[in-house]
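Novice: using only what follows, build the 3D model:
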Amino acid sequence: MQLYSFFNSSTSYRVRIALALKGLPHDYTGVNIRAREHRNADYEALNPSRGVPLLRDGELTLGQSMAIIDYLDTQYPETRLIPLEQPLRARVLELSNAIANDIHPVNNLRILRYLQDELGVSAAQKDTWYKHWIHEGMMMVEDLLAQHGGGPYCFGDAPTVADCCLVPQIANAQRMGCDLSAFPRALAVHAHCQQQPAFVQAAPSAQPDFA
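Specialist: Okay, the predicted model is just below:
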C-alpha cells in the first residue's frame, strides 16, 4: 500500500489517522502542494483530483480522503471508523461531512491562493475570510457534539471518521491563529486524541516530508 501525502494537508492527515488506527503499513510519498507538485503531469495521470491524498492498494488507485477512508473501512474492517449501526452511523457521517464538505472546501490552499493571486485580496482580508468560515463551521460542529456526542472521542469511547476529520481541522485552525475558545467540546476531543499513539503517528511533524 502506498500513500501520496503532504504533511500539512488536512485531508492527507485524515487518511494518515485512519491508516494508523487500523495499523495498516504503507509506503509514504510526499507531494509538495506548496510547490505545486500535484500539478506535475505524472502525478495528474495518477490522480484526476489533482490533489492529495492518493492511495494505491494493489490495482486500486483512489483519491479523495472520504472515499479512501470508506474503502479502508470496507476492505480492512478491523477498527471500524464508520459505524454500521444506526443512528450512530448517521451522526458520525453528519459531523464528518460538516467538516469535509462545509468547513474545509472554502479554506483549502487553492481557494486561499485564488483569493490572493486572482482576486487581489490582501493578506489581512484572506486571514479574515479564513477565520470567519472556521468560526461558522466550528459553531456547527460544537452544536453537533453537544447534542449528539459524548465520551473522550466525538462519539463515545472509540475513534471514528469524525475524529479523523476533527483533529486535522483544529490543527489547521490553530496554525492559522483562530480563536477556538468558544468550542470547548471540540477542543477536549482534540486534546484527548493528541495523547493517542495513532494520532501522534499521523501528525504533520511525524511525516518524512515535514519541513
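Novice: residues contacting Leu62?
Specialist: By Cβ atoms under 8 Å, 6 or more residues apart in numbering, the contact set of Leu62 is 54-56, 68, 71. (C-beta placed from N, C-alpha, C; glycine too.)
Novice: are we agreed that Ile111 is in a helix?
Specialist: Yes - assigned with DSSP: H, G, I helix; E, B strand; the rest coil, Ile111 falls within a helix.
Novice: Leu112 versus the closest residue to it other than its chain neighbours, what's the distance?
Specialist: Leaving aside its chain neighbours, Ile111 sits nearest to Pro105 (7.2 Å; criterion: Cβ to Cβ, 6 or more residues apart in numbering). When distance is defined by Cβ to Cβ, to the nearest Å, Pro105 is 11 Å away from Leu112.
Novice: which of the two has more residues huddled nearby?
Specialist: Leu112 (17 against 11; other Cβ atoms under 10 Å).
Novice: and the more buried one, what is it in contact with?
Specialist: Applying Cβ under 8 Å, 6+ apart, the residues near Leu112 are 126, 129-130.
Novice: tell me how this structure divides into domains.
Specialist: With domains defined by automatic domain parsing, the chain comprises 2-80, 88-198.
Novice: of all the ones you listed, which one comes closest to Ala206?
Specialist: domain 2-80 (8.5 Å; Cβ to Cβ).
Novice: what distance separates the closest one from the middle of the whole chain?
Specialist: When C-alpha coordinates are averaged (Cα atoms, centre = their mean, to the nearest Å), domain 2-80 and its chain have centres 11 Å apart.
Novice: can you give me the mean pLDDT across that domain?
Specialist: Per-residue pLDDT over domain 2-80 has a mean of 95.
Novice: same deal with stretch 105-125?
Specialist: Confidence for stretch 105-125, expressed as mean pLDDT, is 93.
Novice: how far does that stretch stretch from start to finish?
Specialist: 18 Å (Cα to Cα, to the nearest Å).
Novice: show me what contacts Tyr28?
Specialist: By Cβ under 8 Å, 6+ apart, Tyr28 lies in contact with 2-3, 5, 207-209.
Novice: all strands for this structure, in order.
Specialist: Along the chain, counting by DSSP state E, strands occupy 2-5, 27-30, 54-57, 60-63.
Novice: show me which residues of the last one are buried.
Specialist: Along strand 60-63, these residues count as buried under the neighbour rule (16 or more other Cβ atoms under 10 Å): 62-63.
Novice: so what strands line up beside that strand?
Specialist: strand 54-57 (antiparallel) (DSSP bridges).
Novice: got a list of contacts for the partner strand?
Specialist: 1-4, 15, 31, 46-47, 61-63, 68, 71-72, 75.
Novice: endpoints of stretch 165-183, how far apart?
Specialist: Start-to-end, stretch 165-183 (Cα to Cα) is 16 Å.
Novice: and the closest residue to Ser122 other than its chain neighbours, how many neighbours?
Specialist: Spatial nearest neighbour of Ser122, excluding adjacent residues (Cβ to Cβ, 6+ apart): Gln116 at 8.0 Å. A count of neighbours around Gln116, defined by other Cβ under 10 Å, yields 15.
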